[in-house]
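Chemist: Build me a structure from this.
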Amino acid sequence: MMIAVVVIFAICWLPQHTYFVIQNLQPTIICYRHIQHVYLVIYWFAMSNSMYNPIMYCWMNARQVSLHVVWSPLILYCLHQSCADAA
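Modeler: Residues are numbered from 1 along each chain as shown. Below you'll find the predicted structure:
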């Protein structure tokens, strides 16, 4: 499981580190037309790493707690609340 966490971390953060290395080697990159959009996508991809960790921990849990056992009560509660709000 630790290898999977490290691999996902590396995949998520590698584009941002690559961007900063390129920016240091080629400072004129910040003058490109859509570089802010590119950076925003890279930034969101790096920050998405914190979303993948709980999913991996749940999926690779040694106790093998299935996802429906974890999420069913929450989904039922949300459905009940949305039905109550609609009435």
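Chemist: show me the contacts for the residue nearest the centre of the chain.
Modeler: The residue lying closest to the centre of the chain (Cα atoms, centre = their mean) is S48, at 2.2 Å. Applying Cβ atoms under 8 Å, 6 or more residues apart in numbering to S48 gives the contacts C12. For every residue, glycine as well, the C-beta is placed using N, CA and C.
Chemist: buried ones in stretch 25-34?
Modeler: Across stretch 25-34, burial judged by 16 or more other Cβ atoms under 10 Å covers no residue at all.
Chemist: Please compute how far it lies from its chain's middle.
Modeler: Taking the mean of its C-alpha atoms, stretch 25-34 sits 26 Å from the chain's own mean (Cα atoms, centre = their mean, to the nearest Å).
Chemist: which residues make contact with that stretch from outside it?
Modeler: Under Cβ under 8 Å, 6+ apart, the answer for stretch 25-34 is I22, Q23, I35.
Chemist: Phi, psi for the residue nearest to the centre of the chain please.
Modeler: Dihedral angles of S48 (phi, psi; degrees, to the nearest 10) stand at phi -70, psi -10.
Chemist: separation between it and F9?
Modeler: 11 Å (Cβ to Cβ, to the nearest Å).
Chemist: just L40 next, same as before
Modeler: Following Cβ to Cβ, the distance that separates L40 from F9 is 20 Å.
Chemist: more neighbours, the two?
Modeler: F9 (15 against 11; other Cβ atoms under 10 Å).
Chemist: who's in contact with the more buried one?
Modeler: N49 are the contacts of F9 under Cβ under 8 Å, 6+ apart.
Chemist: What strand or helix carries it?
Modeler: helix 2-25 (DSSP states H and E).
Chemist: picking that back up, for the contacts of stretch 25-34, give me TSV that also has distance to Q16, pLDDT and neighbour count.
Modeler: Listed next are the contacts of stretch 25-34 as TSV, based on distance: Cβ to Cβ, whole Å; pLDDT from 0 to 100; neighbours: other Cβ atoms under 10 Å:
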residue	distance to Q16	pLDDT	neighbour count
I22	11	93	11
Q23	11	93	14
I35	13	91	13
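Chemist: could the residues you listed go into JSON lines alongside distance to L14?
Modeler: Below are the contacts of stretch 25-34 laid out as JSON lines (distance: Cβ to Cβ, whole Å):
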{"residue": "I22", "distance to L14": "12"}
{"residue": "Q23", "distance to L14": "15"}
{"residue": "I35", "distance to L14": "18"}
